[in-house]
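In: Curious how this folds, go ahead:
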Amino acid sequence: MRIGKARNGEQRPEKQLTKTLDTVSDIKDSARMSLLFDYYEKLLGDRQRTVFGLYHEDNCSLGEIADELGISRQGVHDALKKAEAALDKYEERLGLLAKRETYLRALRSVEATAAKIASDDAIASISVKEDEARIRRYLGKIKKTVGDLDV
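Out: Numbers count the residues shown, from 1 in each chain. Got it, this is the predicted structure:
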């Protein structure tokens, strides 16, 4: 199986899939960097903060940023890479984005449990005692989920 262009000059499906996966990966990386920037923006130097914001938030090209700041494209590239490395380092040490993900998962779990409590199927037993016991189990699950969070 050959990867690359077919004889008729069109991209082979394997190559197209690889390009699509790369694009999805780039979007995820960019979104992650933007979230890290939201958390750690104040820890970056002025130049890094400006370059990062123009590139990731305002979607400016390296050339546009270089023209705007009066520096070379290489200078912009270096500042951008240093800012991205710094953001990764801050996340590695402080873990605020990871904690956010943990909290969001816990919130989804609590929401799902609350939905079960509110549903007709969850509270439809014959006796009030059975309903009360079922609700207490659900509340216990919610308390455990919240208790497991490192607040």
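In: Please identify the helix or strand for Phe52.
Out: Assessed by DSSP states H and E, Phe52 sits inside helix 46-52.
In: Could you pull out the buried residues of that helix?
Out: 47-52 (16 or more other Cβ atoms under 10 Å). In this view, the C-beta of every residue, glycine as well, is placed from N, C-alpha and C.
In: That one: what's the following helix or strand?
Out: Moving toward the C-terminus from helix 46-52, the next helix or strand (DSSP H and E) is helix 62-69.
In: could you give me the average pLDDT of the next helix or strand after that next one?
Out: Downstream of helix 62-69, the next assigned helix or strand under DSSP H and E is helix 73-94. The average of the pLDDT scores along helix 73-94 is 95.
In: and helix 73-94 with helix 62-69, angle?
Out: Put simply, helix 73-94 runs at 100 degrees to helix 62-69, going by axes from the mean of the first three to the mean of the last three Cα atoms, to 10 degrees.
In: How about the contacts made by the residue most central in space within the chain?
Out: The residue lying closest to the centre of the chain (Cα atoms, centre = their mean) is Arg32, at 4.6 Å. Arg32 makes contacts with Leu97, as judged by Cβ atoms under 8 Å, 6 or more residues apart in numbering.
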